[in-house]
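# Okay, sequence plus prediction incoming.
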Amino acid sequence: MKKVSIYLLTNVILLLAGIILVIFHATPGILEWGCRVLGAMFLLPSLAFLIMVAVRHAEARTSTDYLGVLPAVGGLCFGLVMIIKAHLFDGILQLLLGILLVVLGLFHVIYLMLSSKSLKIKPWYYIAPVAVILCGILSLTLPALRSSVSSVVLVTGICLVWFTLTSSQIYFAERRVRRAATQPVETVPVAQDDTITQVQVTDEDSAF
């Protein structure tokens, strides 16, 4: 499994999680189900990354793969705990959702800044991650949001969907740049005239 596949898998999971949170934000017991959804967001990408590192040949592994093993194991264990023991996180789930939004937004802003040299980053690419950061901060600090579980879940779901759509646009833009860079340069054949021009020798020239 390639890293690109893991990137797409992460986006799909975030999109599905956002849609689920938006649809069921007013459902009784949404905190417990939201905790399981959040656990799946940690578990599935971490599991996919570990499988990718395990099946890849030793000579093909990079330092980035080894550095990512420990966070992946941590994400896998944390996701399992959130799914199996969801009731343990009822009191802090709103806090976790706010932190999740802030971390996702900051990560995306940093990623865009690092990619600005190799990719023409349009200004509107920053709108979604900055908005996600602001929503996360508001859900952590605004009393009106903190007192309403369904509102926090709804805001989190909308932010995840918006974030995923913007992230996918950037991914496809990077993919076009990579394809353009790897395509061989077409050489235009230059017509060569192999015919020899015949020079007429005059009598005066032949005299020499």
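Here it is on my side, so go on.
# Name the helix or strand for residue 18, please.
helix 3-23 (DSSP states H and E).
# what comes up buried for the top helix by length along the chain?
Secondary structure of the chain per DSSP state H: the longest helix is helix 149-182. For helix 149-182, the buried set under the neighbour-count rule, 16 or more other C-beta atoms under 10 Å, comprises 149, 151-164, 166-168, 170, 173. Using the backbone N, CA and C atoms, a C-beta is placed for each residue, glycine as well.
# elements contacting the helix holding residue 18?
Here helix 3-23 touches helix 30-55, helix 149-182, going by 3 or more C-beta pairs under 8 Å, 6 or more residues apart in numbering; DSSP states H and E.
# what's around residue 20, how many residues?
Each residue near residue 20 was counted by other C-beta atoms under 10 Å, and the total is 19.
# Compare the helices and strands packed on helix 3-23 and say which comes out lowest on pLDDT.
Among those, helix 149-182 carries the lowest mean pLDDT, a mean of 79.
# so what does that one touch, helix or strand wise?
Applying 3+ C-beta pairs under 8 Å, 6+ apart, we find helix 149-182 packed against helix 3-23, helix 30-55, helix 93-115, helix 127-141, helix 143-146.
# Let's have the ones you listed in JSON lines, adding distance to residue 71.
Formatted as JSON lines, the entries for the helices and strands packed on helix 149-182 read as follows, by distance: least, C-beta to C-beta, whole Å:
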{"stretch": "helix 3-23", "distance to residue 71": "13"}
{"stretch": "helix 30-55", "distance to residue 71": "8"}
{"stretch": "helix 93-115", "distance to residue 71": "13"}
{"stretch": "helix 127-141", "distance to residue 71": "20"}
{"stretch": "helix 143-146", "distance to residue 71": "29"}
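# Quick one: closest of these to residue 80.
Nearest to residue 80 among these is helix 30-55; the distance by C-beta to C-beta comes to 6.2 Å.
# which parts of the closest one are buried?
Taking 16+ other C-beta under 10 Å as the neighbour-count basis, helix 30-55 is seen to contain the buried residues 30-31, 33-50, 52-53.
# Below-threshold pLDDT in the protein: ranges please.
Judged against pLDDT under 70, the low-scoring parts of the chain cover residues 1-6, 57-68, 118, 173-174, 177-178, 180-208.
# let's go with 80 and repeat that
Where the chain drops to pLDDT under 80, the residues are 1-10, 29-31, 49, 52-71, 87-94, 111, 114-125, 143-148, 166-208.
# How about the contacts made by the closest residue to residue 75 other than its chain neighbours?
Excluding its sequence neighbours, the residue lying closest to residue 75 (C-beta to C-beta, 6 or more residues apart in numbering) is residue 46, at 3.7 Å. Contacts here follow C-beta atoms under 8 Å, 6 or more residues apart in numbering; on that basis residue 46 touches 71-76, 79.
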